[in-house]
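Colleague: Let's see this in three dimensions:
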Amino acid sequence: MVVQVKNNQPKLRAAVVDQFQAVFDAGKEKIVSEIKDKHHVRIEERYVFQLKAKLPKELADKSPTV
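Modeller: Residues are numbered from 1 along each chain as shown. Next comes the predicted model:
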């Protein structure tokens, strides 16, 4: 499952960012997919990382698919 979290969901975004940051800080990140495209003189890079979500109960109840 891929989850995109935007800035208009600040609590959910902060919880997701915190979890990924902890993995990055520990040096345990693994890229699952890497995409580099060049369109209209613009280079777009996307990296996909995967980890199990551990959200606070309040957020897990509101976003059960994360």
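Colleague: got the contact list for the helix ranked longest in the chain?
Modeller: As far as residue count goes, and with DSSP state H defining each element, the longest helix of the chain is helix 10-25. Contact partners of helix 10-25, identified using CB atoms under 8 Å, 6 or more residues apart in numbering, comprise 3, 5-7, 29, 49, 51, 53-56, 59, 62-63, 66. In this view, the C-beta of every residue, glycine as well, is placed from N, C-alpha and C.
Colleague: Out of those residues, which end up buried?
Modeller: By the neighbour-count criterion of 16 or more other CB atoms under 10 Å, the contacts of helix 10-25 include these buried positions: 55, 59, 63.
Colleague: Return the subset of those residues lying in helices.
Modeller: Within the buried ones among the contacts of helix 10-25, membership in helices is found for Leu59, as judged by DSSP H.
Colleague: which of the buried ones among the contacts of helix 10-25 lies closest to Glu44?
Modeller: Within those, the smallest distance to Glu44 is 26.6 Å, found for Ser63 (CB to CB).
Colleague: What pLDDT is listed against the closest residue in space to that closest one that isn't next to it in sequence?
Modeller: Distances taken as CB to CB, 6 or more residues apart in numbering put Leu12 closest to Ser63, at 5.8 Å, once the chain neighbours are dropped. pLDDT, Leu12: 82.
Colleague: And for His40?
Modeller: Reading off the confidence values, His40 has pLDDT 74.
Colleague: same thing with Gln50?
Modeller: What the model reports as pLDDT for Gln50 is 73.
Colleague: does the residue lying closest to it once chain neighbours are set aside count as helix, strand or coil?
Modeller: Spatial nearest neighbour of Gln50, chain neighbours left out: Val32 (4.8 Å); criterion: CB to CB, 6+ apart. Here Val32 is strand, with the state taken from DSSP: H, G, I helix; E, B strand; the rest coil.
Colleague: Contact partners for Val32?
Modeller: For Val32, the set of contacting residues under the criterion of CB under 8 Å, 6+ apart consists of 48-50.
Colleague: Tell me which entries of those residues lie within strands.
Modeller: Secondary structure assignment by DSSP state E places 48-49 of the contacts of Val32 in strands.
Colleague: Many thanks, have a good one.
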